[in-house]
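In: Just a sequence and a predicted model for now, questions to come.
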Amino acid sequence: MEASLAVDFLGIQMKNPLVLASGILGTSASIMERCAREGAGAVTSKSASPEPRAGHANPVTLAWNGGVINAIGLTNPGCREEVLLLRETHERLKALGVPLFASLFAPTIEAFGEVVRIIAEAEPDLIEINISCPNVGSEFGTPFSATAKSAAEVTAVVRKAVSLPISIKLAPNVPEIGRIARAVVEAGADAITAINTVPAMLIDAYAGKPVLKNATGGLSGAAIKPVALKAVWEIAQMVSVPIIGTGGIRCGLDAAEMIMAGATLVGVGSAVALEGPAVFSRINTELEAFMLQEAYPDLASMRGKALPQNE
Amino acid sequence: MNEKHRFQGGVMRPFRVANILHENESTHTLLLSGRLPKAKAGQFVMAWLPEVGEKPFSIHAKIPLALTICDVGPVSHAMVSLQVQDRVWIRGPLGNGFELKGSKHLLVGGGYGAAPLSFLAQEVFRQGGQALVCLGAKTKADLILVERLKRQGRELRVATEDGSEGRQGLVTELVGEAIDAFQPDCLYACGPTGMLLALADLCKQRSLPAQLSFEALMRCGVGLCGSCELPEDLCLQLGLPGGWLVCHDGPVAMIG
Ligand SMILES: Cc1cc2nc3c(=O)[nH]c(=O)nc-3n(C[C@H](O)[C@H](O)[C@H](O)COP(=O)(O)OP(=O)(O)OC[C@H]3O[C@@H](n4cnc5c(N)ncnc54)[C@H](O)[C@@H]3O)c2cc1C
Ligand SMILES: Cc1cc2nc3c(=O)[nH]c(=O)nc-3n(C[C@H](O)[C@H](O)[C@H](O)COP(=O)(O)O)c2cc1C
Ligand code: FES
């Protein structure tokens, strides 16, 4: 018996379902190439914005066994510089047979249309639209992922602007994520990425102050896996487009659970902090071993297994 | 997930300044009221002062935890201005430190790069190995740890660019001679990038393995944000894989 990790995602052939999540090490061609070499099935770049952003001051990130909290503040070189970086990265990843997903965000609905047109010049395999960063609220107000209406409006604008496949990245802190997912799919999204980080903060009792310079940030890693599973499980019951299930994935069993919740691909972010990009090959090995042991010949035989309609 | 993959870093913990050693006009060593018993020479911590900021600093000693800080900007200035009993918050130890190879060790420090070397010299001493320390700085006033290392009985060579102490010139000139005379099994260095690259060349010519501790702009300190990546041309020059992260793969790079 054999177990195959290969997966067809929107017609893109991938060696395995693991995706480097946006904002984790997606800052240069060399580091994205490294993640591809160390076993990522696809690589997502750090979200790019219309203009360059320095991000927030330190402390920006803390990591412990329970998870990670960050308020990096969307540091990036701006979308024009980003296109050059993406082109170079795409060349290198092509040679390795690994697709490139390009993430972007913008402050207004109209600006999303402009940025997506610029990023599309690099012809990435997928464009991921980040409408759910919780760390820039003081600048940009409520994220567009907060309501079905604003999420669908952004989707419609980017759909009209480019023909490349697009995935909309959703936030977990909404009453009905499934309804928002349906609205963005109806507005033209080819895929859904869920979830972004969960709004959170740390306070140091001795300092009597918030720890992050930005005061609040986003929680990720082990602590949010159950939140991510529920979001993906609900979205999978509402839409039929593929889902990039992201949040708290650290081992092969986590990845299997995410696929059983209905995900086609599995995003890995915070776990990179534990052991570096080598995390991808470990999770792949563990996932394959689980599939062999439980007699799943391929990912499709596992996908959505935990959904009510498959009981 | 095995023990190796568990965080040493975690969230920050408060320490108090227990004692302050004035190394030179702009450099203080803070002895803190606590220890990092698992720390290795060459590892670093992130030190946080609320309202000011957070920056990486090499571990100068682990019991008690000590940091040697040179006043060059806002965070380091606030750190050297701390008084006994003031608090500083620490997360770490982080990164990969030096690993002693063989029994004869050549230690090279440029500027405050000397900070982790007295810790390393102690580890050499504990293992019963032999250490020769070479320190370099712009002027006599910029040197640190010279007297302490001497008191500890370490064999020491010094170079200053203006000749105000020891040999006039760059520390790399001392090192070439030291390699030939001392015949070390490995070289360990911490200091400015230019010095490290010159040392890498020297060691390559002489087929001597080197462990070089690099600096970079750090934000997360745990391998997530990408800001501390060593430029790809440097990686190529040093024979390191592309995408090398100072905080996660380093700060100590094993060369040759
Ligand atoms: C792994 C690692 C270990 C480190 N260990 C130590 C240590 O043991 N002791 C220590 O003092 N610092 C150490 N540093 C440097 C330290 O983290 C800060 O970069 C430094 O203190 C400056 O921070 P700042 O906020 O005070 O000033 P910044 O505003 O960051 O810097 C002010 C200006 O000084 C320049 N500058 C930075 N470093 C130096 C320098 N060494 N000499 C001259 N100019 C400089 C900057 O480029 C900038 O222009 C280490 C860095 C790394 C990555
Ligand atoms: C340090 C850090 C930076 C992030 N930056 C971005 C970003 O720029 N764009 C984005 O869409 N998501 C960003 N995220 C969210 C991740 O892509 C991911 O959705 C989230 O962390 C959950 O996955 P994880 O638990 O595997 O980390 C970031 C997360 C972290 C920890
Ligand atoms: S400081 Fe963030 S990756 Fe090294």
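Out: Okay, I see it. Numbering: from 1, shown residues only, chains lettered A, B, ... in the order given. Ligands and ions are numbered 1, 2, ... in the order given.
In: what's the neighbour count on A:Ile203?
Out: Residues contacting A:Ile203 under the criterion other C-beta atoms under 10 Å in any protein chain shown number 11. Every C-beta, even on glycine, is put in place using the N, C-alpha and C of the backbone.
In: meant to ask about B:Glu147
Out: 11.
In: What residues does residue 171 make contact with?
Out: No chain specified, so I'll use chain A. By C-beta atoms under 8 Å, 6 or more residues apart in numbering or on different chains, A:Ala171 lies in contact with A:131-132, A:134, A:143, A:145-146, A:195-196.
In: was after chain B, sorry
Out: So B:Val171 contacts B:108-110, B:134-136, B:159, B:191, B:195 (C-beta under 8 Å, 6+ apart).
In: and which of those residues is nearest ligand 2?
Out: B:Gly191 (29.9 Å; C-beta to the nearest ligand atom).
In: separation between the closest residue to the closest one other than its chain neighbours and B:Gln83?
Out: Spatially, and ignoring its direct neighbours in sequence, B:Gly191 is nearest to B:Gly110 (2.6 Å; C-beta to C-beta, 6 or more residues apart in numbering or on different chains). With distances taken as C-beta to C-beta, to the nearest Å, B:Gly110 is found 29 Å from B:Gln83.
In: okay, those two: which has more neighbours?
Out: B:Gly110 (26 against 7).
In: Thought B:Gly136 was touching that one, still the case?
Out: Yes - contact status for B:Gly110 versus B:Gly136: in contact at 5.1 Å, counting by C-beta atoms under 8 Å.
In: Mind listing the shared neighbours of those two?
Out: Joint contacts of B:Gly110 and B:Gly136 (C-beta under 8 Å, 6+ apart) are B:171, B:191, B:195.
In: near chain B at all, stretch A:43-56?
Out: Yes - for stretch A:43-56, a contact with chain B is found by C-beta under 8 Å from any C-beta of the partner chain, at A:46, A:55.
In: Give the other helices and strands that the lengthiest helix in chain A contacts.
Out: Criterion DSSP state H: the longest helix present in chain A is helix A:79-96. When contacts are defined as 3 or more C-beta pairs under 8 Å, 6 or more residues apart in numbering or on different chains; DSSP states H and E, helix A:79-96 packs onto helix A:29-37, strand A:100-104, helix A:109-120.
In: Same list, these, but as a markdown table with mean pLDDT, distance to ligand 3 and mean neighbour count please.
Out: Below are the helices and strands packed on helix A:79-96 laid out as a markdown table (pLDDT from 0 to 100; distance: least, C-beta to the nearest ligand atom, whole Å; neighbours: other C-beta atoms under 10 Å in any protein chain shown):
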| stretch | mean pLDDT | distance to ligand 3 | mean neighbour count |
| --- | --- | --- | --- |
| helix A:29-37 | 98 | 9 | 24 |
| strand A:100-104 | 98 | 18 | 27 |
| helix A:109-120 | 96 | 23 | 19 |
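In: mind checking which of the ones you listed is nearest ligand 2?
Out: Closest among the helices and strands packed on helix A:79-96, using C-beta to the nearest ligand atom: strand A:100-104, at 5.2 Å.
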